[in-house]
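Q: No letters, just coordinates:
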């Protein structure tokens, strides 16, 4: 059974075995289990600080209420294990209690990678990382086993023992950031949106007699043609923009009002020289002249 970090309060009655000799004469181990099953905990999402061979140093942010509750519960589990081991020895044990003693926003852990550790992505697909150090660039989740407790007897001190709970990483879920690529232009142009909203507003007709011009535009008549019709009817083309509040006509006096102060200059008519219209494709001989010349020719007999 794997305990979720949010249900870590259900972890209880962890069994501690008798001591097992380690690789050296100074070390021994105690195996941990729950009902003869390994103690497995799925940790929340975390970040990796460093990787040294098969050891990973990682940290959790405990500012959030749920994460802070998990850290407190995990600290109680560790304290219970410390007391169970201390009852087995007469000597005082100094524990690696970084989890219990830290009162900061971030809590650091150290765990070893299992030889059978497998790595998956967020979709549950197994992935292969060429170098385990690549995990440092991703947010990850661990399934960790509280495997055993290590007890070390120092050479220079006979009355003290050093203890540490060893954690082993069995499985990793890697949260890779999927790059998003936008092929098409995706920015919203607010200027165009404003212009479109303004253009959608219907232009009010200034006078009922101008309605026919607006009807022409609705029927698809080009605006230039409608303006020409308005000018020919003696009206101002500004009525199409709804700028005229009263009916206004354009008379000849209004059209010539701007020419009052204009001075006109006398112009001389250019006399053009009369040119001879040449006939016969510009060759200088007309068709009639050719016919007359042919008639004047005499017949000749060849001997």
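A: Here it is on my side, so go on. A quick note: this is a predicted structure, and the numbers were derived from the prediction, not measured.
Q: in the host helix or strand of residue 107, what's buried?
A: Using DSSP states H and E, residue 107 sits within strand 106-121. Of all the residues in strand 106-121, those buried under the rule 16 or more other Cβ atoms under 10 Å are 107, 109, 110, 111, 112, 113, 114, 117, 119. Every residue, glycine included, has its C-beta placed from N, CA and C.
Q: any residues touching it, and which ones?
A: 49, 54-62, 71, 98-99, 102, 126-129, 132, 135, 142, 144-145, 166-176 (Cβ atoms under 8 Å, 6 or more residues apart in numbering).
Q: chain center to that strand, what's the gap?
A: Computed by Cα atoms, centre = their mean, to the nearest Å, the chain-centroid distance of strand 106-121 equals 30 Å.
Q: chain center to stretch 286-296: distance?
A: 92 Å.
Q: again with stretch 22-33
A: Relative to its parent chain, stretch 22-33 has a centroid offset of 51 Å by Cα atoms, centre = their mean.
Q: for this protein, which residue is closest to the average position?
A: Nearest to the mean C-alpha position of the chain, by Cα atoms, centre = their mean, lies residue 180 at 5.7 Å.
Q: What segments of the stretch 101-250 of the chain are strands?
A: For the stretch 101-250 of the chain, the strands defined by DSSP state E, counting those that start in this stretch cover 106-121, 139-152, 160-175.
Q: and residue 79, which of those strands is closest to it?
A: strand 160-175 (10.7 Å; Cβ to Cβ).
Q: Direction included, what does the closest one pair against?
A: When pairs are called by DSSP bridges, strand 160-175 turns out to pair with strand 92-95 (parallel), strand 106-121 (parallel), strand 139-152 (antiparallel).
Q: any idea of the mean pLDDT for that strand?
A: The predicted model assigns strand 160-175 a mean pLDDT of 91.
Q: What of stretch 29-49?
A: 91.
Q: do stretch 108-126 as well
A: pLDDT averaged over stretch 108-126 gives 87.
Q: and of the buried residues of strand 106-121, the nearest to residue 207?
A: residue 119 (78.8 Å).
Q: For that closest one, list each beta-bridge partner.
A: Going by DSSP bridges, residue 119 forms beta bridges with residue 172.
Q: mind checking how far the residue nearest to the centre of the chain is from residue 5?
A: 30 Å (Cβ to Cβ, to the nearest Å).
Q: Type out the PyMOL command that picks the buried ones from the contacts of strand 106-121.
A: To isolate the buried subset of these in PyMOL, counting by 16+ other Cβ under 10 Å, use the following:
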select buried, resi 56+58+60+62+71+99+135+142+144+145+166+167+168+169+170+171+172+173+174
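Q: From the chain's centroid, how far away is stretch 29-40?
A: Centroid separation for stretch 29-40 versus its chain: 46 Å, with Cα atoms, centre = their mean.
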